[in-house]
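Novice: next input, structure requested:
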Amino acid sequence: MEDTRKPARKPRSAAAPKPAAKKSPATGKTSARKAAATVRAAVAKPSAAERDEMVRTAAYFRAERRGFAPGYEWEDWLAAEAEVSTLAGPQPAPKPRKVPSRKPKAG
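Specialist: Numbers count the residues shown, from 1 in each chain. Below is the predicted model of the structure:
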C-alpha cells in the first residue's frame, strides 16, 4: 500500500534564482545595472492581496520602531506604500467594474 502513495512535494523557494551577470567583452566587468534589471525582471509581481499584506507588515514595523505612538498611523501607512512600490513596482491599475445593463421601463 505504501507503493501507491505519492511522494511529498518539496516547498517552493520564495526567492527566484538570480541570473548570472554577463561580463562586458571590452572591459571584462559586469554591469551592476544590467544585473539588477535582470533580477527585477525575473521576479514576479505580487498580487493585490500579497501587496496589501506587504504594506500592512511594513507599516506595522514602522509603528513598532517609533514605539507605537498614536497619531502617526497615516504617515506609517503612506511611507510603507511608497517603500513597497519601490521594491515591488507600482500598484496595478484597478479592473473596471461591470455595470449591470437595465432594460428600459415600459411606460
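Novice: and stretch 53-72, what's buried?
Specialist: Using 16 or more other Cβ atoms under 10 Å as the test for burial, stretch 53-72 gives M54, V55, A58, A59, R62, A63. Bear in mind the C-beta positions are built from the backbone N, C-alpha and C, glycine included.
Novice: residues in contact with it?
Specialist: Here stretch 53-72 makes contact (Cβ atoms under 8 Å, 6 or more residues apart in numbering) with P46, E73, D76, W77, A79, A80, E81, E83, V84, L87, A88.
Novice: next step: the buried residues of stretch 53-72 restricted to helices.
Specialist: Under the assignment DSSP state H, the buried residues of stretch 53-72 contribute M54, V55, A58, A59, R62, A63 to helices.
Novice: just the pLDDT at the fifth one, thanks.
Specialist: The predicted local distance difference test score for R62 is 95.
Novice: which stretches in this protein count as helices?
Specialist: With DSSP H as the criterion, the chain has helices spanning 32-42, 48-65, 73-88.
Novice: so which of those helices comes closest to K105?
Specialist: Closest approach to K105 among the helices of the chain (Cβ to Cβ): helix 48-65, 37.7 Å.
Novice: what is the orientation angle of that closest one with helix 73-88?
Specialist: 130 degrees (axes from the mean of the first three to the mean of the last three Cα atoms, to 10 degrees).
Novice: roughly how far apart are D76 and P100?
Specialist: D76 is 39 Å from P100, where distance means Cβ to Cβ, to the nearest Å.
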